[in-house]
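Peer 1: Requesting a structural model of the entry that follows:
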Amino acid sequence: MKIRSAFIFFSLLAGLSIYYGFSDSIMMQPQGSHVWRQTDCASTALNYYSFGLNPFKPRMHNLLGGYGHTINELPVIYYTVALLYKLFGPHEMIFRLLTLLFFWVGLYYVYRLSLLMIKDQFWSMSVALLFYTVPLLLYYGNNFLPNLPGLSLALIAAYYGMAYMITTKKALLYVAMLVFLAAGLIKITALMLFVGMGVLFVGEQLKWLNRDPDKKWFLHPKESWALFTGVAILIAAWYITVKAYNTHHGSNYLLTGIAPVWIMSYDGFIYTTKRILFFWSEYFFFLPTIALTLVLFCLNIFLPRIGNVLISRLVLLGLIGSVVYSILWYYQYLDHDYYFINLYIWVVLVFINAVVMLQRRFPQLFYSKVFRIGIICFLLANVIYAEKAYWHKFDHYRHENPAPAFYDPGFKTYLKKLGIQHFDKVVSLPDNSLNITLYYIGQQGWTNYNMHPQVSAYRMEDMIDLGAKYLIINDPEYLDHEEIVPYLNKPLGAFKGIRIYDIHKPG
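Peer 2: Numbering: from 1, shown residues only. Just a heads-up that it's a prediction; the model follows:
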């Protein structure tokens, strides 16, 4: 029965993926919304593949700090991708497929968690499939960022953690904590449910919660104390190591701290809030589904005993945690919609509990075939909306993409014909990111990012002294820049409007 249900579920995901056009997007290089961060991640994997599989030396194409060594999340995904590149060749499709696999498995555990609580195949699949209609999750679930794998691992941990709290089987607690550890090492913001469960555990031990001693959620307090504490210590140790590693290599670029609301100006706060309400929200859900989510959230908060008490209390803690999370990272909401991804774990619990409420209070409606047909129509409306919004994130952000010539595989071939070797360092201008243009041409080097006063404040001569041999200009207007003109004396050629110059010092 489980195998048959899993087959049906994954078949539905595959069918929806075809409808969404994943067969096209799965083949794409990084592009669209947040191509900057996409290339940072893709660059780390490609550098493992190109410059050695030493897991302790993650690096990017941008030679930030001199060698490009930088780290944030545990690079296990990048390293796995690099190993797959070694087997099948370097193609972004592999990276996208691995991220999509995480997403599918995460959704499967949403289905299993729903089934654990609801005991109904139709409703459990409906809840899980609803989250395959979220444009934001679809976009990053077929992408390069670690946020979706982090959420997926948290969803897996949610199933095992809540299964333990219901069945009290100790082995489930160990599995949950192990998966939470993996989620936190990949993305610390994926630990919101872990924190919520931890607060629930502490509250139960300190008798803040009025529960019958025979109905405790955590019947193994010693093991629970050890596991919660152990996971927290290991994750703290990891991020202390990350901070030390980046400081040692002069590459404190990737955000390893907070970006709180209080560092923003009043105007910046208002603009960001409007951006969330009137722009980012287009990718959160179909608009009627957003309204439904808010209603169901209120039901979970104000009528907790109608549904599952465990879920209701976690949702209340989730509300508090989401507010704290948003305060600490509100500045990132301005331009980084992927910071909303890990909040969806609470939305999952809200919808599961809503179905539990429906089952308990309105059983006739719960089992009604007509109502279930209505739910299917509701899901289909969400699917249609999601497909349009998904591709909108590619089309609306074309301005973030580099010059079209960078996508042409012939450009790399042309650079080789000019005598530019794989290990030669280049300066690629203009490019305000770390890795976008460098990643596409597969060369290490520097961009405008390194010339920024708050980063390295490098000038052309500094980069040449550090080993830059070639200058690549992708905007003709940049040829008139006062600092650039002295280095245009040795043109090597041009490819579809992109000019290449020899700038290396003799000898």
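
Peer 1: mind checking how far stretch 460-471 is from the chain centre?
Peer 2: Distance, stretch centre to chain centre, for stretch 460-471: 34 Å (Cα atoms, centre = their mean, to the nearest Å).

Peer 1: got the buried residues for it?
Peer 2: Under the neighbour-count criterion of 16 or more other Cβ atoms under 10 Å, stretch 460-471 has 460, 463-464, 466-471 buried. In this view, the C-beta of every residue, glycine as well, is placed from N, C-alpha and C.

Peer 1: now that stretch: mean pLDDT?
Peer 2: Mean per-residue pLDDT for stretch 460-471: 90.

Peer 1: who's in contact with that stretch?
Peer 2: The contact list for stretch 460-471, computed with Cβ atoms under 8 Å, 6 or more residues apart in numbering, reads 63, 66, 420, 424-427, 429, 445-446, 450, 456, 483-484, 486-488, 492, 500-505.

Peer 1: May I have the distance across it, first residue to last?
Peer 2: Counting by Cα to Cα, to the nearest Å, you get 9 Å between the two ends of stretch 460-471.

Peer 1: just stretch 452-461 next, same as before
Peer 2: As for stretch 452-461, its first-to-last residue distance stands at 15 Å under the measure Cα to Cα.

Peer 1: circling back: take the buried residues of stretch 460-471 and keep only those in helices.
Peer 2: In helices, judged by DSSP state H, the following of those are found: 460, 463-464.

Peer 1: want to throw those into JSON lines with distance to Leu84?
Peer 2: Below are those laid out as JSON lines (distance: Cβ to Cβ, whole Å):
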{"residue": "Met460", "distance to Leu84": "38"}
{"residue": "Met463", "distance to Leu84": "33"}
{"residue": "Ile464", "distance to Leu84": "36"}
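
Peer 1: which one of the residues you listed is nearest Leu116?
Peer 2: If you rank these by distance to Leu116 using Cβ to Cβ, Met463 comes first, at 56.9 Å.

Peer 1: How much space separates that closest one from Asn62?
Peer 2: 11 Å (Cβ to Cβ, to the nearest Å).

Peer 1: Count the residues that sit near Ser251.
Peer 2: By the other Cβ atoms under 10 Å criterion, the neighbourhood of Ser251 contains 23 residues.

Peer 1: A helix includes it, no?
Peer 2: No. Applying DSSP: H, G, I helix; E, B strand; the rest coil, one finds Ser251 to be coil, outside a helix.

Peer 1: okay but it is in contact with Asn72, surely?
Peer 2: No. Applying Cβ atoms under 8 Å, one finds Ser251 not in contact with Asn72, separated by 10.4 Å.

Peer 1: related to what we said a few turns ago, intersection of neighbour lists for Met463 and Asn62?
Peer 2: Applying Cβ under 8 Å, 6+ apart, one finds that Met463 and Asn62 are jointly contacted by 445-446, 450.

Peer 1: ok, Tyr245 to Thr70 distance?
Peer 2: Summarising the geometry, the distance separating Tyr245 from Thr70, computed by Cβ to Cβ, is 8 Å.

Peer 1: Specify which residue of those two has the higher count of neighbours.
Peer 2: Looking at Tyr245 and Thr70 with other Cβ under 10 Å, you find the greater number of neighbours at Thr70, namely 23 against 19.

Peer 1: my guess is that one contacts Lys57, does it?
Peer 2: No. Using Cβ under 8 Å, Thr70 makes no contact with Lys57, being 10.4 Å away.

Peer 1: per-domain residue ranges of the protein.
Peer 2: The domain map for the chain lists 2-395, 404-502, with the assignment taken from automatic domain parsing.

Peer 1: Quick one: end-to-end distance for the last one.
Peer 2: Okay, so that is domain 404-502. In terms of Cα to Cα, the two terminal residues of domain 404-502 are separated by 23 Å.

Peer 1: roughly how far out does it sit from the chain middle?
Peer 2: Using Cα atoms, centre = their mean, we find the averaged C-alpha position of domain 404-502 to lie 29 Å away from the chain's own average C-alpha position.

Peer 1: Do a quick rundown of the strands in this structure.
Peer 2: With DSSP state E applied, the chain shows strands at 425-429, 445-446, 468-473, 491-495, 498-502, listed in chain order.

Peer 1: Point out the most buried one among those strands.
Peer 2: Neighbour counts averaged per stretch over the strands of the chain are highest for strand 445-446, at a mean of 27; criterion: mean count of other Cβ atoms under 10 Å.

Peer 1: State the mean pLDDT of that strand.
Peer 2: 94.

Peer 1: likewise stretch 107-123?
Peer 2: In this model, stretch 107-123 has an average pLDDT of 96.

Peer 1: cool, and stretch 279-298?
Peer 2: Averaging the model's pLDDT scores along stretch 279-298 yields 94.

Peer 1: let's have the chain start at 27 instead
Peer 2: All right, first residue 27 from here; so that's stretch 305-324.

Peer 1: buried sites along it?
Peer 2: Judged by neighbour count (16+ other Cβ under 10 Å), stretch 305-324 contains these buried residues: 306, 308-312, 315, 318-319, 322-323.

Peer 1: Equivalent analysis for stretch 502-518, please.
Peer 2: Residues of stretch 502-518 classed as buried: 510, 513, 518 (neighbour count, 16+ other Cβ under 10 Å).
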